[in-house]
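>>> Sequence first, predicted coordinates after that:
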Amino acid sequence: MRAQKITIQAKFGCQLITNIVSKVLFMNKNLNEKTGLCVLYSRPLPNLREENTTSIRRAISLTFNENADSTVLTDMKTAVEALSPDCYEAASVYMGPSLLIPFYKGSFVLGTWQGIYLCNWGQQSGDVELIIIPHAATERDLFTVVFKPPHSGVYNISNLIINEIKNTFSKRNLEKENENTGLLFVKTEHTSASLTVNGPTGTEGFSPHNLNIALDELVPEKWSGSLFKHTSEGPDDMPGHVKSSLIGATALVPLCWFDSDLSADNNLKKTNIYFCEHSNIFLLRNDKYY
């Protein structure tokens, strides 16, 4: 479908743009009965420039995070400044300039408290162009998997997803050769959790424990006592929001990674999908996969 472009003023820091993007996208009434993915891309326009130079300050990024408490917006800016003092280019790399956003029958599929952030790390306001590209499909399966982590940590959820894929193909009576074509889009609807794709666990493989330790060192809980204002939900909550944006709330994987009978025991010895729970406050997650 045709791309749409809009220009908005990006203030220094983070701002919610969910309603702006939604309004523009769903002006196309043809999307009201469709399911698909929207590609959202951001780029700074020439008035976002450093003084006395001709280079554009490329310090714009997009992410999902909490839409309810404005202190999360300001704390996200504070965290990124602490991670990369005096280096706004690094800040834009952490989250990236684009997002994939699922939609279903005229609405984005987001969690109750989840919104779309536009982040300007360039230390000055200016115009940003948003490019909105919808990809709709006549057939697209949407399903929900409920996962209850016992505590914060990194968990392999590949088997949960594989079982749901099996059920989906069985219900639709799809031919075997169609099972490993196409893409699987995975998204968590919670703002203190994230998703990552990585290798198998083991002595020489991926270590969920080590990833958890590294993230705790990168965004420590002690920041809740010194840097953050969003602290009412516990010392690990705002660090959890930051970790969620650093890793990302989505994963996109080819179905051909799963073998022909979608068995976790074979193909996924090399690649797995991991759910990262960064907070001990809310331990019931309802995650949607597309």
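Perfect, I can see it now. Residues are numbered from 1 along each chain as shown.
>>> ok, now which ones touch the residue nearest the centre of the chain?
Taking CA atoms, centre = their mean, the centroid of the chain lies closest to A249, which sits 2.7 Å from it. For A249, the contact set (CB atoms under 8 Å, 6 or more residues apart in numbering) comprises T63, F64, Q114, K187, T188, T191, A193, S194, L195. Heads up, the C-betas are built off the backbone N, CA and C, glycines and all.
>>> can you tell me which of those are in strands?
Taking DSSP state E, the ones among the contacts of A249 that sit in strands are T63, F64, Q114, K187, T188, A193, S194, L195.
>>> Among these, find me the one that's closest to Q123.
Nearest to Q123 among the ones in strands among the contacts of A249: T63, at 18.5 Å, using CB to CB.
>>> check contacts around the closest one.
The contact partners of T63, by CB under 8 Å, 6+ apart, come to M95, L99, I116, Y117, C119, S245, G248, A249.
>>> Which one of the residues you listed is nearest to T201?
Out of the contacts of T63, the member with the shortest distance to T201 (by CB to CB) is G248, at 20.4 Å.
>>> gap between that closest one and V80?
Separation of G248 from V80 (CB to CB, to the nearest Å) stands at 15 Å.
>>> same deal with Q15?
Counting by CB to CB, the gap from Q15 to V80 is 14 Å.
>>> and S232, how many neighbours?
9 (other CB atoms under 10 Å).
>>> Quickly note the distance from it to L37.
Applying CB to CB to S232 and L37 gives a distance of 34 Å.
>>> now I8
In terms of CB to CB, I8 sits 22 Å off from L37.
>>> So between those two, which is more surrounded?
Ranked by neighbour count (other CB under 10 Å), I8 and L37 place L37 first, with 23 against 15.
>>> Next, give phi and psi for the more buried one.
phi -120, psi 140 (degrees, to the nearest 10).
>>> need the helices for the stretch 101-250 of the chain, in chain order.
158-172, 208-218, 223-226, 237-247 (DSSP state H, counting those that start in this stretch).
>>> Those: which one's closest to L31?
Closest to L31 of these is helix 158-172 (CB to CB; 22.7 Å).
>>> who does that closest one touch, helix- and strand-wise?
Under the contact criterion of 3 or more CB pairs under 8 Å, 6 or more residues apart in numbering; DSSP states H and E, helix 158-172 touches strand 143-147, strand 183-188, strand 272-277.
>>> Switch these over to CSV; also include distance to G205 and mean pLDDT.
Formatted as CSV, the helices and strands packed on helix 158-172 follow (distance: least, CB to CB, whole Å; pLDDT from 0 to 100):
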stretch, distance to G205, mean pLDDT
strand 143-147, 22, 82
strand 183-188, 21, 89
strand 272-277, 10, 93
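>>> what about E89, how many residues close to it?
12.
>>> Doesn't it belong to a helix?
Yes. E89: assigned to a helix according to DSSP: H, G, I helix; E, B strand; the rest coil.
>>> Look up the closest residue to it, ignoring the ones flanking it.
A59 (6.3 Å; CB to CB, 6 or more residues apart in numbering).
>>> K34 too?
A136 (4.0 Å).
>>> Can you get me a residue count around the one you found?
By the measure other CB under 10 Å, the count of residues near A136 is 16.
>>> Can you name the residues bridging to it?
Counting by DSSP bridges, A136 forms beta bridges with G36.
>>> Adjust the sequence numbering to begin at 419 for everything that follows.
New numbering, starting at 419: the last item is A554.
>>> okay but it is in contact with C456, surely?
No. With contact defined as CB atoms under 8 Å, A554 does not reach C456; the gap is 9.2 Å.
>>> hmm, back to that, could you point out the member of the contacts of A667 that lies closest to E451?
K605 (21.0 Å).
>>> which residue packs closest to the closest one, ignoring adjacent ones?
T668 is the one closest to K605 (CB to CB, 6+ apart), at 4.7 Å.
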